[in-house]
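Undergrad: Any chance you could fold what I've pasted below:
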Amino acid sequence: MGKRIYNLEQVKKSFEENGYQLLSKEYINNITRLDFICPNNHHGAISWKNFKKGNRCQECYGNKKYDFLKVKKIFEDAKYQLISTEVDYENNKSNLKFICDQGHHGEMRLNGFLTGYRCIECAGLQKYTYEEVKDFFEKEGYELLSTEYQNTGSELAVVCPMEHKYSVRFGSFVRGNRCQECYHVNRTGKDRPLKDQPQHTYDTVKMAFEQRGYKLISEEYINKRSKLKFICPSGHSGEISFNSFNKGHECKKCGYISAGKKISGKNHYCWEEDREALANKKRHIAKCRAALFNTLKAFGIKKKGRTEKLVGYSFEDFTHRMETSFIWESLENRIYSLDHVFPITAFIEIGIKDVKIINSLKNLRPLSRHDNYVKNDECELEDLEMWLGLKGIEPYKTKLGI
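TA: Predicted coordinates for the structure are as follows:
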């Protein structure tokens, strides 16, 4: 089948369907640039080939080349002093040197600055040496036990001034997070119970069962999640954890009899009336799990553990990220394809295998199926390296095993 030939009327109709006004009066071929006015009244030019691929107004997407005076004003409006000269500026991917409003020297691309990135030293994301990290802890009265420092996201073993041992990320410590044990003592006046230490004794558990007319059969209590055998007031035998019993759960057989049927559907205590919201929730969970599965599959790794633990955030956080995206309201029937802003293949290319980084919320966004198909797996490795740099990650060190 030969290539389809378009005429001016067909091209003009397509522009108008997307809210664009076509100014050119002649259509030659699909690589000839056509003048237009976008929905935001920006003037521009684009080839029909690129317009069909989904490319749109560069000024709307922040890709337009600004003149140097405009660039300087953008930095000054943010109270930054631009050090680079007009000779150093070629396009929005040129590294520009600046001094931030706190006096820190740095450099950044204009496209990064326009998308909200700022001085990495102010954000506490600059690459520290081990000695700098150690000095920072010691100034706060903490002792650093770890003998190696990778980046602001790596766990470090420390001892607080009250001699509590625990682990903390340096990025969290810089933001003010301190020893949780000390916090609990200051707030309650009591030591925090150890995770493996039961908060109830066998006698207190037995008393709780008896107060509700139950007879406790088990002779040992391990923790609140261990199953305990009992006989209910109606004579039914069963098992239940003390955690569930404390929440008000009772004998299942009694519950079936009182309800006249199994507790399911609208009779279930977890029933959600808003079925549409529930369907959206399940759809989001499926998308989150699929993104993790595809990442693990790319590395030939089997999933070992819960999704929320592996990606480092909850399904509620994922749902909030999707539904607060600027494109969410424009999606038809809320049907979307989950897109990695920087694709998995790009991370593989520079040696990053951390699923928490690849599937971080800032690297995920909803797109329509068409837009996701058009985007494919394309990305600029320089943009990815800059994004990783802002997180304190040095990709090629990971690749070389350093």
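
Undergrad: what about residue 256, neighbour count?
TA: Other residues near residue 256 number 13, with proximity taken as other CB atoms under 10 Å. All C-beta atoms are positioned from the backbone trio N, CA, C, and that covers glycine.

Undergrad: same deal with residue 88?
TA: Residues near residue 88, counting by other CB under 10 Å, number 14.

Undergrad: Now name the helix or strand holding residue 171.
TA: With secondary structure defined by DSSP states H and E, residue 171 is part of helix 170-174.

Undergrad: list the helices and strands that helix packs on?
TA: Contacts of helix 170-174 with other secondary structure elements, assessed using 3 or more CB pairs under 8 Å, 6 or more residues apart in numbering; DSSP states H and E, are made with helix 130-139.

Undergrad: picking that back up, list the buried residues in the helix holding residue 171.
TA: Within helix 170-174, the residues that qualify as buried by neighbour count (16 or more other CB atoms under 10 Å) are 170-171, 173.

Undergrad: how distant is it from the center of its chain?
TA: Averaged C-alpha coordinates place helix 170-174 at 18 Å from its chain's average position (CA atoms, centre = their mean, to the nearest Å).

Undergrad: ok, now stretch 33-44?
TA: Going by CA atoms, centre = their mean, the spacing between the C-alpha centre of stretch 33-44 and its chain's C-alpha centre is 34 Å.

Undergrad: same check, this time on stretch 319-334
TA: Taking mean C-alpha positions (CA atoms, centre = their mean), stretch 319-334 and its chain are 15 Å apart.

Undergrad: How far does it stretch from one end to the other?
TA: For stretch 319-334, the separation between the terminal residues is 12 Å (CA to CA, to the nearest Å).

Undergrad: And for stretch 374-386?
TA: Terminal residues of stretch 374-386 are spaced 24 Å apart (CA to CA).

Undergrad: Now do that stretch, average pLDDT.
TA: In this model, stretch 374-386 carries a mean pLDDT of 75.

Undergrad: Now it: buried residues?
TA: For stretch 374-386, burial by neighbour count (16+ other CB under 10 Å) applies to 375, 379, 383-386.

Undergrad: about what we covered before: which one of the buried residues of helix 170-174 sits closest to residue 49?
TA: For residue 49, the closest of the buried residues of helix 170-174 turns out to be residue 171, at 44.2 Å, with distances computed as CB to CB.

Undergrad: quick one: pLDDT of residue 62?
TA: pLDDT for residue 62: 58.

Undergrad: Where do the helices of the stretch 1-150 of the chain begin and end?
TA: Assigned by DSSP state H, counting those that start in this stretch, the helices in the stretch 1-150 of the chain fall at 8-17, 48-53, 68-77, 110-114, 130-139.

Undergrad: Tell me which of those helices is the most buried.
TA: When these are scored by mean count of other CB atoms under 10 Å, the highest mean neighbour count falls to helix 110-114 (a mean of 18).

Undergrad: Can you get me the centre-to-centre distance for that one and its chain?
TA: Here the centre of helix 110-114 is set off from its chain's centre by 21 Å, with CA atoms, centre = their mean.

Undergrad: Could I get the average pLDDT for that helix?
TA: On average, helix 110-114 scores 80.

Undergrad: Quick check: buried residues in stretch 82-98?
TA: Residues 82, 84, 89, 92, 96, 98 are the ones in stretch 82-98 that count as buried (16+ other CB under 10 Å).

Undergrad: same deal with stretch 285-305?
TA: The neighbour-count criterion (16+ other CB under 10 Å) identifies 287-289, 291-292, 295-296, 298 as the buried residues of stretch 285-305.

Undergrad: Pipe these into TSV and attach distance to residue 8, secondary structure and pLDDT per row.
TA: Converted to TSV, the buried residues of stretch 285-305 look like this (distance: CB to CB, whole Å; DSSP: H, G, I helix; E, B strand; the rest coil; pLDDT from 0 to 100):
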residue	distance to residue 8	secondary structure	pLDDT
287	41	helix	89
288	46	helix	90
289	48	helix	91
291	42	helix	89
292	48	helix	89
295	46	helix	89
296	50	helix	89
298	45	helix	86
